[in-house]
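**Student:** Sequence unavailable; structure follows:
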Ligand SMILES: Nc1ccn([C@@H]2O[C@H](COP(=O)(O)O)[C@@H](O)[C@H]2O)c(=O)n1
Ligand SMILES: C[C@@]1(CO)OP(=O)(O)OP(=O)(O)OC[C@H]1O
């Protein structure tokens, strides 16, 4: 089989005094996401989808929230490591699709920069990354602006043998 699919989900609480970072982009807002790391919920969901596609567990296994090493971690650095793991097993990203569920702020204008940052980290083309946004129509914790959730799906494809490198 030369394709694998994985899905990822993450949610973080919105609190005062924290930055709001999504896809490596800091977005100006009144509240930000709480977490042991930078709480970049979009990048976390993508990492879990990549790991899930290869049945490699989840991000908590590689970067335990109990480990002080990951306090305030830049999630793009973690993504780089997950990408290396995936590539070392002979796989590369075919495409990613994701949905940010957030009541506020509007994500639309930030999405091109998120795609660029993620693509740069993953060494792929921004066209391989889909990021959409929706509100939760004021329903539930996300609808009450208590948090932001992200769903992601990743398709992995086998790296052609002649372009495989050892990591
Ligand atoms: N945080 C968000 C939420 C939504 N958008 C954009 O608005 C459109 C309409 O959202 P609904 O939840 O009302 O359907 C959506 O398709 C997005 O284009 C956004 O940018 N940021
Ligand atoms: C990357 C990690 C590292 O602590 O980030 P957190 O901010 O703790 O976020 P969460 O999605 O709850 O768990 C994943 C962790 O492994």
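**Tutor:** It's in. Computed from a predicted structure; not experimentally measured. Ligands and ions are numbered 1, 2, ... in the order given.
**Student:** In the sheet, which strands lie alongside the helix or strand encompassing residue 99, parallel or antiparallel?
**Tutor:** Assigned by DSSP states H and E, residue 99 belongs to strand 91-101. Applying DSSP bridges, strand 91-101 is found paired with strand 129-134 (parallel), strand 147-158 (antiparallel).
**Student:** buried stuff in stretch 53-72?
**Tutor:** 53, 54, 56, 59, 62, 63, 70 (16 or more other Cβ atoms under 10 Å). Backbone N, C-alpha and C define where each C-beta goes, glycine included.
**Student:** Which parts of the chain are strands?
**Tutor:** 3-15, 20-22, 25-27, 32-33, 91-101, 129-134, 147-158 (DSSP state E).
**Student:** for ligand 1, what are the nearby residues on this protein?
**Tutor:** Selection of the chain residues close to ligand 1 by Cβ under 6 Å from any ligand atom yields 102, 106, 107, 108, 133, 134, 135.
**Student:** From ligand 2, how far off is the residue nearest to residue 102 when sequence neighbours are not counted?
**Tutor:** Setting aside the residues directly before and after it, residue 102 is nearest to residue 148 in space (Cβ to Cβ, 6 or more residues apart in numbering), at 4.4 Å. For residue 148, the distance to ligand 2 equals 12 Å [Cβ to the nearest ligand atom, to the nearest Å].
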